[in-house]
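Asker: Any chance you can model this:
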Amino acid sequence: MHDRRTFLLASAAYALIAVVLSARPPAFPSRPLVLVVPSAAGSGIDPVARALARRLAAALGQPVRVENLPGGGGDIAASVVSGERPDGHTFLVTLDAIASARGVEYLEVGRCCWIAAPAGTPRHALERLHREVEVALSAPELREQFAQLRRN
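Answerer: Here you go, the predicted structure:
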């Protein structure tokens, strides 16, 4: 009787350990990322987003595509991002938080720009992207581009 109880407790403990270990967040990113920019190609924050995309691709080991969606004061781009699956693979990159955007979560990065993700995006994905963007923005090339954007 005692051996059976010990066996059952041990089995339950191993099952609990297996559940806890399998509950880790999935690897991020698991597919290419998309940076949505609320300006036309070559204007506004687009050159910075393209330089950022190159650095993120190298750091994250996944391709990063820049998608330009100008118009509506950034509302079009924010609306598209808010409608995406909240899995951490689609982000809005903008100089200012778009006040009318609903369904997105904003993070200020390096006191120079904002990234936004669909509401409900996993925290681990937001934190990893925030960390990588901070590192990328420390590059002199990107700091100078942001400074130039702010002057214009």
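Asker: Which residue ranges of this protein form helices?
Answerer: Using DSSP state H, the helices found in the chain span residues 2-22, 46-60, 75-82, 123-137, 140-151.
Asker: okay, those in a markdown table with mean pLDDT, mean neighbour count and distance to Gly103 next?
Answerer: For the C-beta atoms, the positions are set from N, CA and C on the backbone; glycine is no exception. Formatted as a markdown table, the helices of the chain follow (pLDDT from 0 to 100; neighbours: other Cβ atoms under 10 Å; distance: least, Cβ to Cβ, whole Å):
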| stretch | mean pLDDT | mean neighbour count | distance to Gly103 |
| --- | --- | --- | --- |
| helix 2-22 | 64 | 9 | 30 |
| helix 46-60 | 89 | 19 | 21 |
| helix 75-82 | 88 | 21 | 3 |
| helix 123-137 | 85 | 17 | 15 |
| helix 140-151 | 75 | 13 | 26 |
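Asker: residue contacts, Pro70?
Answerer: Neighbour list for Pro70: 38-40, 43, 76-77 [criterion: Cβ atoms under 8 Å, 6 or more residues apart in numbering].
Asker: Thr94: which of the residues you listed is nearest?
Answerer: Minimum distance to Thr94 across the contacts of Pro70 is 5.6 Å, recorded for Pro38 (Cβ to Cβ).
Asker: Contact partners for that closest one?
Answerer: 44-45, 69-71, 73-74, 76-78, 92, 94, 98.
Asker: can you tell me which of the helices of the chain comes nearest to Val109?
Answerer: helix 123-137 (4.9 Å).
Asker: Compute the inter-axis angle for the closest one and helix 46-60.
Answerer: Angle, helix 123-137 to helix 46-60, by axes from the mean of the first three to the mean of the last three Cα atoms, to 10 degrees: 120 degrees.
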